[in-house]
Structures are given as C-alpha cells and as structure tokens.
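Undergrad: Here is the input, now give the coordinates:
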Amino acid sequence: MYNSFKRLLDIIFSSILIIILSPIMIITAILVRTKLGSPIIFTQERVGYNNKVFKLRKFRSMTNETDKNGNLLSKDERMTKFGKLIRSTSLDELPELFNILKGDMSFIGPRPLLVEYLPRYNSEQIKRHNVRPGLTSYTAVNGRATLTWPDRLALDVWYVNNMSFLLDFKILIKTFITVFKRENIDGTRGKFMGNEQKSDIENK
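TA: Here you go, the predicted structure:
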C-alpha cells in the first residue's frame with residue numbers, strides 16, 4: 001500500500017520541483033558547459049528496483065583531462081573548485097528528478113550503485129533492490145562517508161525492511177540539514193569489492 005502512495009508522491013513532487021527548479025537547472029547547465037565543457041550531463045548505468053539497470057543522470061562535476069597517453073587523470077585531478085561546489089550543494093543531483101518522474105528512482109531509498117557490484121552482494125545485501133533507489137537515503141544521513149561497505153549495505157537493507165512514511169519524512173528532514181551543513185558529501189570511499197571487509201554493525 002505505501003509503495004503505491006510513495007510512487008504517487010514521487011510523481012507529484014518531482015513534477016513540481018522540475019518546474020520550480022528549472023531556472024536553477026538551466027543556469028547550472030550553462031555553468032557546467034562553460035567551466036567543464038561537454039557533455040553537460042553525466043550518464044551512467046546503475047541498478048534499480050528488482051535489479052533493473054537504468055541510466056542515472058547528473059550534472060558533470062569533473063573535467064575530461066587526460067595524461068600524455070590519452071588516459072583519464074584521477075578523479076582528484078579532474079575535480080575543479082566548481083565541481084566541488086555543485087557536489088557540496090547537491091546541485092549535480094538535480095537531473096535525477098527526471099529519473100524519479102520516470103520511475104527509475106524515488107526521493108527516498110538506497111542510493112543506486114554500480115552494475116558491476118551486482119554479483120558481489122550476498123543474499124541479504126541484494127535485498128536493497130527490493131525498493132526503488134533514492135535521491136537520498138537512510139544511509140546518507142547516518143554517516144555514509146564514514147561507513148564500511150558492509151555497514152552501508154546493512155543500513156540499506158534495514159531501510160527496506162522498515163520503510164514507512166514517518167521514516168521517509170525523518171530522512172528528508174535530516175537530508176536538508178546534512179546538505180545545509182555539507183556533511184558526508186563524498187560518500188563511501190573506494191569500490192565495493194565483496195564481503196571481505198568486516199561489518200561493525202554486525203558486531204554490536
């Protein structure tokens with residue numbers, strides 16, 4: 001029941017926000033084109049509801065600079081002050097409103113992760129895909145930047161098992177506070193390689 005109601009809210013509020021924030025998105029797009037070049041939109045395949053792959057869209061936050069051999073420089077080397085600014089203010093996430101409107105995502109849910117991670121989840125961790133991925137998440141407002149991968153995935157599954165309107169409302173409020181304070185912006189560092197890393201949550 002709540003899933004259907006949540007989807008209705010996603011359609012209504014993503015439509016409203018796309019209209020209201022369209023001037024900001026246009027300005028951001030112009031600045032990205034001016035400061036970082038083309039393409040303006042960064043597109044990447046991610047895993048969504050029921051393990052379905054979709055194309056996530058964000059504003060670009062890095063340049064396409066390469067070394068003398070034509071290989072892309074590291075992320076740190078390609079990240080500019082402007083890129084850091086739109087990431088810290090979450091302006092780079094605005095195109096995901098269209099993913100929400102389309103039904104690929106929701107406002108609240110586990111963040112959509114890379115396709116290459118799919119075979120690395122255990123039978124419990126993969127339950128994070130039993131709901132639509134979110135623009136923000138329970139994990140994001142509970143120390144995402146400091147969590148190990150097993151802990152992060154454990155919190156995602158906890159959210160799936162306890163999803164409710166009240167919980168989503170609390171996550172939304174905490175997200176606004178987190179963005180305002182610019183906390184936990186960078187997320188978990190490094191790629192998820194499997195379950196060799198021990199979970200602190202499981203030991204509590």
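
Undergrad: alpha carbons only for contacts and neighbour counts from here, please
TA: Fine.

Undergrad: Return the helix or strand in this protein with minimum mean pLDDT.
TA: Across the helices and strands of the chain, mean confidence by mean pLDDT, DSSP states H and E is lowest for helix 75-78: a mean of 81.

Undergrad: got the CA positions of that one in CSV?
TA: In CSV, the C-alpha atoms belonging to helix 75-78 read as follows (Å, rounded to 0.1, in the frame of the first residue of the first chain):
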residue,chain,number,x,y,z
LYS,A,75,39.2,11.9,-10.0
ASP,A,76,41.0,14.2,-7.7
GLU,A,77,43.0,15.7,-10.5
ARG,A,78,39.9,16.3,-12.7
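
Undergrad: got the contact list for that helix?
TA: By Cα atoms under 8 Å, 6 or more residues apart in numbering, the surrounding residues in contact with helix 75-78 are M62, T63, N64, E65.

Undergrad: Tell me the buried residues within those residues.
TA: Restricting the contacts of helix 75-78 to buried positions leaves M62, T63, E65, with burial counted as 16 or more other Cα atoms under 10 Å.

Undergrad: Compute the distance between L9 and L21, please.
TA: Per Cα to Cα, to the nearest Å, L9 is found 17 Å from L21.

Undergrad: now swap in A145 and tell me
TA: 27 Å.

Undergrad: so where's this structure uncertain?
TA: 182-189, 196-204 (pLDDT under 70).

Undergrad: what about the residue lying closest to S90 once chain neighbours are set aside, which SS state?
TA: The spatially closest residue to S90, leaving aside those adjacent along the chain, is V179, at 7.2 Å (Cα to Cα, 6 or more residues apart in numbering). Going by DSSP: H, G, I helix; E, B strand; the rest coil, the secondary structure assigned to V179 is helix.

Undergrad: my read: V179 touches L91, true?
TA: No. Here V179 does not reach L91: they are 10.3 Å apart, not a contact under Cα atoms under 8 Å.

Undergrad: how many other residues sit next to the residue nearest to S90?
TA: V179 has 16 neighbouring residues, counting by other Cα atoms under 10 Å.
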